[in-house]
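Colleague: The following comprises the amino acid sequence and a computationally predicted model.
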Amino acid sequence: EVHLVESGGGSVQPGGSLRLSCSASGFTLGDYDMSWVRQAPGKGPDWVATISSGPGTTYYVDSVKGRFSITKDNAKNTIFLQMNNLKPEDTAIYYCNEDPPDADYWGQGTQVTVSS
């Protein structure tokens, strides 16, 4: 059975940083394209970033380019999202999943709140 567990969220002021982690069990995430997706209050899910299997090519939504960085540690079976210069509009629950997402793999997510 596959489990994806997100962690690392919290409350920060604008301009702050957080590092999110997504740990996998029952699933070798390095074998798949993996993404971070976020859902803001009252809105639908939005794709944030993807890291490819193999060489780890990365892709970002324009609004986070230059501020967020997606990486992976295959030995730890974990992907990360380093978020710098956070803005209030980054407030959301952040989820990781395969890309395209598998409906059975959604975890609980981790809450990120950016507010002064």
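Modeller: Structure received.

Colleague: contacts, neighbours, all on C-alpha from now
Modeller: OK.

Colleague: wait, what's in contact with C96?
Modeller: Residues in contact with C96 (Cα atoms under 8 Å, 6 or more residues apart in numbering) are 4, 6, 22, 34-37, 106-107, 109.

Colleague: quick one: the helices in this protein?
Modeller: Read by DSSP state H, the chain holds no helices at all.

Colleague: Just give me the residue right at the centre of it.
Modeller: Compute the mean C-alpha point of the chain, and by Cα atoms, centre = their mean the closest residue is W36, 3.2 Å away.

Colleague: Next one: it from V48, what distance?
Modeller: 5 Å (Cα to Cα, to the nearest Å).

Colleague: and what of S115?
Modeller: 20 Å.

Colleague: re earlier: export the contacts of C96 as CSV, with columns for distance to T91.
Modeller: Output for the contacts of C96, formatted as CSV (distance: Cα to Cα, whole Å):
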residue, distance to T91
L4, 21
E6, 16
C22, 18
M34, 21
S35, 17
W36, 14
V37, 12
W106, 19
G107, 18
G109, 13
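
Colleague: ok, which pair from the residues you listed is furthest apart?
Modeller: M34 and G109 (14.6 Å; Cα to Cα).

Colleague: ok, these two, which is more surrounded?
Modeller: When M34 and G109 are compared on other Cα atoms under 10 Å, the one with more neighbours turns out to be M34, at 26 against 22.

Colleague: which residues does that one contact?
Modeller: By Cα under 8 Å, 6+ apart, the contact set of M34 is 50-53, 96-99.

Colleague: what about 10 Å?
Modeller: Contact partners of M34, counting by Cα atoms under 10 Å, 6 or more residues apart in numbering, are 22, 49-53, 56, 58, 70-72, 79, 96-101.

Colleague: Among those residues, which ones are in strands?
Modeller: Residues from the contacts of M34 lying in strands, with DSSP state E as the criterion: 22, 49-51, 58, 70-72, 79, 96-98.

Colleague: among these, which two are most distant?
Modeller: Among these, C22 and T58 lie farthest apart (Cα to Cα), at 16.1 Å.
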